[in-house]
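In: here are the coordinates; sequence isn't available:
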């Protein structure tokens, strides 16, 4: 990790994690109500004993605080927004785990697996409300009420887009045909809008002008899309040593990622194969060959390049300043310059 | 229904329902995403064809608008808050129906029964976000940003209490012993805080001073508690012709309402009966006799009377004005003066 990015990450993320613990009342007498949420956050085990497990990369809240500083603001004013975004993300995981019937997450049992679906739905709802309360704390850091109201509105508009993306994703599983446009719209909701919100709120809290706020938001959106499409490419053609999982996983699970959807639209042969064949090693070979013959890799790489370029144009338009600005470029590099 | 209450209800509720339809984008091209929510609101059938079914009494949003007018405000400014509260209530029903495994609501299949649990969880989440967007529209009616931020904070603090109440209610089902204090705390969360919020936001939007806002909030809290305890009493000793269901339903389902919990704490005999007996007609007779012998009816009636008195003291302290003030008293009468 580059120097500015590392230094700022080590300052910002502990402050954000401290903020989250205050919002979740970690120091009050523990109850099962808060306990289930503390468990999900990785702060206690299933017996409510304190533990500390890896909380994930927390890239979204980091981006929010970096954007605030890079747009000329005080990043500490953006801590409540960063915490709100991280809590929102975690809330969505509680419900996603139920919706996807996932028994484990980060090598631990999921909330629904431990306490049942009804309690897990309710714990997620509580965490959704708490995410809003986290954001509301902007007012205590001297952010103007006008900007707090606007931040809350953008937060909830983003939540609607997130649930729209999730709805589409679930819907796609039951459908025979999904267009690449529908897929892009789905990942925009599921992935890109929350990255975009992180950047947007940071710039908004910094008091940036509307055009600059828009640049940060569009940068986040393009970055999120580029990142997801690169993931899709690596899920088929990636180097196993780098991505840490079998590169053919997305094929054996017949996951409808962007290259696959493009290939299916081009090739009747591929459609028949997906509809009928057992997903064994021969299947993987055939699919990869057909995707290549139909230009699915070229198409996806062009998409990824196009989103990456647009992201870079927008971050240049935003003209981020100082060490936080450098850190933003370094982070962008890390996320986009994965070999594909 | 008395004159002022009837007149104001006929003005206020249509305006609130119109506001909800705008927030839910009823006029845009229908999608399944919004369609599931429109179905739950009673605006379309399962095939997305427009229908109109009874939407419930909508007492909470009515109270919010009445409180605003009675506290000297313009009730139309409170429409976004009233809509937000009604949407919040409806969101909670979508998730409650999953949590309680209820296949029908208002004689129609529930959202999860029609579209499955994963989609229903997600539709509820979307509606929760939309409730916040509804409240955010206060700013467009000229309410100050400071009051909007405060309203949003109170809204989410209330949501946390709602989920706490729901968590406790589910927890009680698995527990052998529940104290009457724990029960009161549970119904405070499940029922009273939302009534309280309705009154509080109305007064807040009217620009009432903090003491008056507090009176309205406390009035709502006491009213909600009184209403629930009266419901508990009628569920055992009520007149079937008036309450519209068999008065012994709460006994045959072994529901742990306030009189029952009081009786269980007093009587070992009742405990044994609840733990072992088949809930037939003889069981109902025995339980009602034991509850009477142990003073459970007297205890519950004293509680109901005490909350009712406190409610009336607080509404008098709030000193509601004009026709809306009269309507508030009439509504209170309707809710509290049920024979018990």
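Out: Received, thanks. Please read these numbers as outputs of a predicted model, since none were measured by experiment. Residues are numbered from 1 along each chain as shown, chains lettered A, B, ... in the order given.

In: Could you use CA atoms for every contact and neighbour count after this?
Out: Noted.

In: and residue A:99, what is it in contact with?
Out: Neighbouring residues of residue A:99 by CA atoms under 8 Å, 6 or more residues apart in numbering or on different chains: B:117-119, B:121.

In: try 7 Å this time
Out: By CA atoms under 7 Å, 6 or more residues apart in numbering or on different chains, the residues touching residue A:99 are residue B:118.

In: What score does it have for pLDDT?
Out: For residue A:99, the model assigns a pLDDT of 97.

In: Over to residue A:263?
Out: On pLDDT, residue A:263 comes in at 97.

In: For burial, what's the neighbour tally of it?
Out: Counted by other CA atoms under 10 Å in any protein chain shown, the residues lying close to residue A:263 total 25.

In: For it, give its distance to residue A:286.
Out: Distance, residue A:263 to residue A:286, using CA to CA, to the nearest Å: 12 Å.

In: likewise residue A:161?
Out: As judged by CA to CA, residue A:161 and residue A:286 stand 36 Å apart.

In: try residue A:224
Out: With distances taken as CA to CA, residue A:224 is found 30 Å from residue A:286.

In: do residue A:112 as well
Out: From residue A:112 to residue A:286 the distance is 38 Å (CA to CA).

In: Comparing these two, which shows the higher neighbour count?
Out: The neighbour count for residue A:112 versus residue A:286, taken as other CA under 10 Å, is higher for residue A:112 (22 against 13).

In: helix/strand/coil for the more buried one?
Out: Using DSSP: H, G, I helix; E, B strand; the rest coil, the structure places residue A:112 in helix.

In: Make sure it is actually in contact with residue A:101.
Out: No - applying CA atoms under 7 Å as the test, residue A:112 and residue A:101 come out as separate, 9.0 Å apart.

In: What separation do you get for residue A:180 and chain B?
Out: Distance, residue A:180 to chain B, using CA to the nearest CA, to the nearest Å: 19 Å.

In: Isn't that residue up against residue A:258?
Out: Yes - at 6.3 Å, residue A:180 and residue A:258 qualify as touching, with contact defined as CA under 7 Å.

In: So the two - more neighbours on which side?
Out: Ranked by neighbour count (other CA under 10 Å), residue A:180 and residue A:258 place residue A:258 first, with 27 against 19.

In: Can you name the residues that contact the more buried one?
Out: A:180, A:183, A:229, A:232, A:300.

In: What values do phi and psi take at it?
Out: phi -60, psi -50 (degrees, to the nearest 10).

In: Do a quick rundown of the strands in chain A.
Out: Using DSSP state E, the strands of chain A run over A:104-105, A:108-109.

In: which outside residues touch the last one?
Out: Contacts with strand A:108-109, where a contact means CA under 7 Å, 6+ apart, come from residue A:103.

In: repeat that with 10 Å
Out: The contact list for strand A:108-109 (CA atoms under 10 Å, 6 or more residues apart in numbering or on different chains) reads A:39-40, A:42, A:45-46, A:102-103, A:114-115.

In: from the residues you listed, which two are the most distant?
Out: Greatest spacing in those, by CA to CA: A:45 and A:102 (18.3 Å).

In: neighbour count winner among these two?
Out: Per other CA under 10 Å, whichever of residue A:45 and residue A:102 has more neighbours is residue A:45, with 18 against 15.

In: okay, the strands of chain A in JSON lines with mean neighbour count and mean pLDDT next?
Out: Below are these laid out as JSON lines (neighbours: other CA atoms under 10 Å in any protein chain shown; pLDDT from 0 to 100):
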{"stretch": "strand A:104-105", "mean neighbour count": "14", "mean pLDDT": "95"}
{"stretch": "strand A:108-109", "mean neighbour count": "16", "mean pLDDT": "96"}
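
In: Return the residues in contact with the closest residue to chain B within the stretch 101-250 of chain A.
Out: Per CA to the nearest CA, residue A:118 is where the stretch 101-250 of chain A lies closest to chain B, at 4.4 Å. Applying CA under 10 Å, 6+ apart, we find residue A:118 in contact with A:98, A:112, B:95-101, B:166-167, B:170.

In: and those residues, which are buried?
Out: The neighbour-count test (16 or more other CA atoms under 10 Å in any protein chain shown) marks A:98, A:112, B:95-99, B:166-167 as buried among the contacts of residue A:118.

In: tell me which of the contacts of residue A:118 is nearest to residue B:127?
Out: Set against residue B:127, the nearest of the contacts of residue A:118 by CA to CA is residue B:95 (10.5 Å).

In: Who are the contact partners of the closest one?
Out: So residue B:95 contacts A:118, A:121-122, A:125, B:101, B:111-112, B:117, B:120-125 (CA under 10 Å, 6+ apart).

In: again, 7 Å this time
Out: Residues in contact with residue B:95 (CA under 7 Å, 6+ apart) are B:121, B:124.

In: Same check on residue A:212?
Out: Going by CA under 7 Å, 6+ apart, the list of residues near residue A:212 reads residue A:318.

In: residue ranges with poor pLDDT in chain A?
Out: Scanning chain A for pLDDT under 70 picks out A:1, A:240-247, A:339-340.

In: Could you pick out the residues of it near chain B for me?
Out: For chain A, the residues in contact with chain B (CA under 7 Å from any CA of the partner chain) are A:33, A:99, A:118-119, A:122, A:125-126, A:129, A:132-133, A:136, A:145-146, A:148-149, A:153, A:156, A:159-160, A:163-164, A:167.

In: For residue A:120, grab the count of nearby residues.
Out: 24.

In: how much space between the residue nearest to it when sequence neighbours are not counted and residue A:55?
Out: Beyond its immediate neighbours in the sequence, the residue positioned closest to residue A:120 (CA to CA, 6 or more residues apart in numbering or on different chains) is residue A:112, lying 4.8 Å away. Distance from residue A:112 to residue A:55, counting by CA to CA: 19 Å.

In: Contacts for stretch A:51-70 next, please.
Out: A:9, A:12-13, A:42-45, A:74-75, A:78-79, A:82-83, A:85-86, A:195, A:198-199, A:201-203, A:205-206, A:320-322, A:324-325, A:328.
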